[in-house]
Each structure stands twice: as C-alpha cells, then as structure tokens.
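# Have a look at this fold, sequence not included:
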C-alpha cells in the first residue's frame with residue numbers, strides 16, 4: 001500500500017497534538033485612554049446630529065469610564081435631551097451631566 005504524504009501545514013508537530021489545549025499569552029491592549037477617545041467622539045457626533053442645534057456646543061469628556069457633559073444650554077429640556085442622547089450612545093454606561101442652564105435675556 002502506498003504511503004500518503006500530508007502537506008507540511010497538515011503534519012502535526014510533536015509539540016502540538018489536536019487533543020492538547022494551547023494557552024496563549026494575553027494580548028496587549030492599549031491603555032484605556034486610547035480606547036475611550038472614540039466613545040467621546042461618538043457622543044459628540046450624536047449630539048451634533050440630534051436635531052437640537054444648541055447641543056452642538058456641549059463639551060464631551062470621558063473620565064473614569066463615565067461620559068461627562070459640560071457647557072451651557074438655555075433650557076432644562078435641552079439639558080435633559082443632551083443627557084438622553086449621550087446615554088443612548090452604544091458603549092455608554094454612565095453619564096455625568098454637568099451642563100448648566102442659563103436663560104439668555
């Protein structure tokens with residue numbers, strides 16, 4: 001009976017057999033601050049495209065895993081809309097709303 005040769009990539013090596021479990025070193029993850037930047041940008045984008053023009057001027061920061069909203073708005077309704085818009089952004093778990101309401105005369 002002729003012997004069949006397996007291609008080199010299909011030949012099991014002596015170090016690894018299919019029934020063995022291979023443990024990998026944990027992958028390197030960038031610091032949290034690098035991962036947090038896109039989330040704050042996403043919240044800024046959603047505020048800017050919310051349909052409420054004053055929300056475009058709200059400053060968004062990500063601090064200790066929380067979205068912080070800063071700035072001034074003319075009504076409490078807009079302050080609440082900023083908070084709801086930020087909270088509805090995928091990936092946001094907590095919103096700290098430090099927006100101040102100042103009615104313009």
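Sure, I can see it. Worth saying up front: this structure is predicted, and the values here are computed from it rather than measured.

# Please give the element, helix or strand, for residue 40.
Using DSSP states H and E, the element containing residue 40 is helix 32-48.

# One more: residue 98?
strand 95-101.

# what packs against that strand?
Where contact means 3 or more CB pairs under 8 Å, 6 or more residues apart in numbering; DSSP states H and E, strand 95-101 is packed against strand 66-73, helix 76-87. Placement of C-beta: from N, CA and C, glycine included.

# so can I have CSV of the ones you listed showing mean neighbour count?
Converted to CSV, those look like this (neighbours: other CB atoms under 10 Å):
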stretch, mean neighbour count
strand 66-73, 18
helix 76-87, 18
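
# would you turn these into TSV with distance to residue 53 and mean pLDDT?
Shown next, in TSV, are the helices and strands packed on strand 95-101 (distance: least, CB to CB, whole Å; pLDDT from 0 to 100):
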stretch	distance to residue 53	mean pLDDT
strand 66-73	11	96
helix 76-87	10	96
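
# Throw the ones you listed into JSON lines and include distance to residue 103, thanks.
Formatted as JSON lines, these follow (distance: least, CB to CB, whole Å):
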{"stretch": "strand 66-73", "distance to residue 103": "10"}
{"stretch": "helix 76-87", "distance to residue 103": "10"}
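
# Could you name the stretch from these that's closest to residue 48?
The minimum distance between residue 48 and the helices and strands packed on strand 95-101 falls on helix 76-87, with 9.9 Å, by CB to CB.

# angle of that closest one against strand 66-73?
Using axes from the mean of the first three to the mean of the last three CA atoms, to 10 degrees, the inter-axis angle of helix 76-87 relative to strand 66-73 is 150 degrees.
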